[in-house]
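> Predicted model, plus sequence, below.
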Amino acid sequence: MINEQKITEILQEFSFPRLSGTQWEKKAFNLALKKIKDLDLTPEVQEFKFTTFFSRVYPKILFFLGFLLIVFLFFFIQIPGIVISSIILIILIIILIFIMKKPEKVKFYKYLDSANLYVKLSSRNSSVNNEDSRIKNLFFFCHLDSKGQKFSISDRVRATRTWVFTLLISVGIIIVRGLFSNYFLVIYLVIGSIPIIFNGVSMIILLLNTTNNSSFGAVDNASGIACVYELLKYFKNENSRLNSFTTWFVFTGSEECGTMGIRNFYKVMEAFDKDSIIIINFDAIGKNVTIFDSWYKPEGYLDFYKSFINNKEGLRIFENPKKIILGTHSDGYFLKKKFYQGIEFGDLGSYNFMHSSDDNLEKVDPKLLRSLCEVIIRNVKELDELNAKKVK
């Protein structure tokens, strides 16, 4: 059904540094384009421009301004000039957050080119038009680019979480400051300084982090490319097509720079009713498989989700124990925030070496990817059978 050797070959072909917006990402795009055309398919291309400001500069500005604000309010609140400065900081933070709500529309700072590549396969149901509302859309996503960074993703996630939680704790302490009399001012200063110090340390780590082109991106995300491509090969055959689903196979660009690819592809998805869409995203699968849930759970979703956890093939799939996601971004998480139903496959164990030169072929298990694809095919077909009955 799925060829393990072919998966290995794809992993080898796409395991090279390919930073967003560079000639190396373009090389990965052209390679994927050629491989799809070799299947006698005609893919669609969605070109777009993006700024690196949102991903590489904007967070650092917020981290610094947030730290500066709590220091001002905690230590210097009684100085009139500091009050005015704090108000200006708050206004500046609000303006930045408002502008960055749609970063794909930002037209300043370093401006680069990228593109999404996708294939649409119609359902087999000839008795119902594929534009019929009863025909659903199944999207398979992966991203083409990779990136290296000074600090590992685990360190960055820890630093981001520390910064956020210590900021909230500091704000809480500042709010209840009036409850402390002058006799307890020293205690207040000692207790309040602790989260501020941790906030400052985490801020420094995040400010010192830099982006580079050192990662081969075998796990993140040649593994995802291999899965989506092999699934495309399988479903392109007429006899393998789904009866009640139009299937989409999407290779996004610049995911590693603020999820710019999916933000642009979202314009395509907006044309469909949300309940007609199911997402399966692949992002960094190494030696294990972690499944990430969605927030939106319409009728039938939980059965679909559990079909992976309790799969008949015996493939062990770990559920994500962390419900609060801070410091990590993916195409799947972007769509999750848009309240689409679906799942994402990754590997929490890969966070210790992702975005580094250690993300190489040795970290990926082709046999695992083959098994996951086979589980997906069976579960998707079972879902298709249920939906096909509704279409009739």
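Okay, I see it.
> For this structure, which segments count as strands?
44-51, 111-121, 136-143, 148-149, 211-212, 245-252, 277-282, 289-292, 317-319, 341-346 (DSSP state E).
> tell me, what residue is most central in the chain?
The structure's the chain has its C-alpha centroid closest to Ser330; by C-alpha atoms, centre = their mean the separation is 0.4 Å.
> Hmm, that one is touching Asp283, no?
Yes: taking contacts as C-beta atoms under 8 Å, Ser330 lies within contact range of Asp283: 4.6 Å. Where you see a C-beta, it was placed from the backbone N, CA and C, and this is true even at glycine.
> Identify the contacts common to these two.
With contacts defined as C-beta atoms under 8 Å, 6 or more residues apart in numbering, the residues adjacent to both Ser330 and Asp283 are Glu255, Glu344, Gly346.
> what's the first one in contact with, if anything?
When you say that, I think you mean Glu255. Glu255 neighbours (C-beta under 8 Å, 6+ apart): Ser20, His143, Leu144, Asp145, Asn221, Gly261, Ile262, Asp283, Ser330, Asp331.
> what about 7 Å?
His143, Asp145, Gly261, Ile262, Ser330, Asp331 (C-beta atoms under 7 Å, 6 or more residues apart in numbering).
> what does Ile173 give?
So Ile173 contacts Ile191, Gly192 (C-beta under 7 Å, 6+ apart).
> one more time with 6 Å, if that's ok
Applying C-beta atoms under 6 Å, 6 or more residues apart in numbering, we find Ile173 in contact with Gly192.
> quick revisit: could you dump the contacts of Glu255 to JSON lines with pLDDT and distance to Glu270?
Shown next, in JSON lines, are the contacts of Glu255 (pLDDT from 0 to 100; distance: C-beta to C-beta, whole Å):
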{"residue": "His143", "pLDDT": "98", "distance to Glu270": "20"}
{"residue": "Asp145", "pLDDT": "97", "distance to Glu270": "23"}
{"residue": "Gly261", "pLDDT": "96", "distance to Glu270": "15"}
{"residue": "Ile262", "pLDDT": "97", "distance to Glu270": "12"}
{"residue": "Ser330", "pLDDT": "91", "distance to Glu270": "20"}
{"residue": "Asp331", "pLDDT": "95", "distance to Glu270": "15"}
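> what's in contact with stretch 344-362?
Residues contacting stretch 344-362 (C-beta under 6 Å, 6+ apart): 11, 15, 147-149, 152-154, 214-220, 281-286, 288-290, 292, 332.
> Correction: the previous question concerned stretch 284-294.
219-221, 223, 308, 317-320, 336, 341-350, 354, 363-365, 372.
> Quick one: low-confidence residue ranges for the stretch 101-250 of the chain.
Within the stretch 101-250 of the chain, the stretches with pLDDT under 70 are 125-134, 178-183.
> Show me where it has its helices.
153-175, 185-208, 223-235 (DSSP state H, counting those that start in this stretch).
> Identify whichever of those helices lies nearest to Asn243.
With C-beta to C-beta, the closest approach to Asn243 among the helices of the stretch 101-250 of the chain belongs to helix 223-235: 11.9 Å.
> For that closest one, which helices and strands make contact with it?
helix 4-14, strand 136-143, strand 245-252, helix 366-391 (3 or more C-beta pairs under 6 Å, 6 or more residues apart in numbering; DSSP states H and E).
> now the ones you listed as CSV including distance to Ser202 and mean neighbour count?
Output for the helices and strands packed on helix 223-235, formatted as CSV (distance: least, C-beta to C-beta, whole Å; neighbours: other C-beta atoms under 10 Å):
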stretch, distance to Ser202, mean neighbour count
helix 4-14, 34, 17
strand 136-143, 27, 26
strand 245-252, 30, 25
helix 366-391, 34, 18
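> Lowest average confidence across those, which one?
Sorting the helices and strands packed on helix 223-235 by mean pLDDT places helix 366-391 lowest, at a mean of 91.
> so which of the shared contacts of Ser330 and Asp283 comes closest to Phe165?
Gly346 (23.3 Å).
> Measure how buried the closest one is and give me the count.
By other C-beta atoms under 10 Å, 29 other residues sit near Gly346.
> How about it: which residues does it bridge to?
Thr290 (DSSP bridges).
> Figure out which of the strands of the chain is closest to Met203.
Here strand 148-149 is closest among the strands of the chain (C-beta to C-beta), at 16.4 Å.
> residues in contact with that closest one?
Residues contacting strand 148-149 (C-beta under 6 Å, 6+ apart): Asn209, Thr211, Asn212, Ser214, Ser215, His355, Ser356.
> before we move on, back to that, what subset of the contacts of stretch 344-362 is buried?
When the contacts of stretch 344-362 are checked for burial by 16 or more other C-beta atoms under 10 Å, the buried set is 11, 15, 147-149, 152-154, 214-220, 281-286, 289-290, 292, 332.
> How is the protein partitioned into domains?
Using automatic domain parsing, the domain ranges for the chain come out as 4-50+110-150+213-391, 56-102+152-208.
> Can you tell me which of the ones you listed is packed in deepest?
With neighbours taken as mean count of other C-beta atoms under 10 Å, these reach their highest mean count in domain 4-50+110-150+213-391, at a mean of 19.
> now that one: how far from the chain's centre is it?
From the chain centre to the centre of domain 4-50+110-150+213-391 is a distance of 11 Å (C-alpha atoms, centre = their mean, to the nearest Å).
> quick one on the thing from earlier: just checking, the residue nearest to the centre of the chain touches Phe282?
No: using C-beta atoms under 6 Å, Ser330 is not in contact with Phe282; the gap is 9.7 Å.
> list the contacts for His329?
Thr259.
> ok, now Ser15?
Taking C-beta under 6 Å, 6+ apart as the definition, contacts of Ser15 comprise Phe216, Ala218, Ala222, Leu361.
> how close does it get to Leu31?
11 Å (C-beta to C-beta, to the nearest Å).
> One more: Asn116?
Counting by C-beta to C-beta - Asn116 and Leu31 are separated by 15 Å.
> again, but for Phe339
Counting by C-beta to C-beta, the gap from Phe339 to Leu31 is 34 Å.
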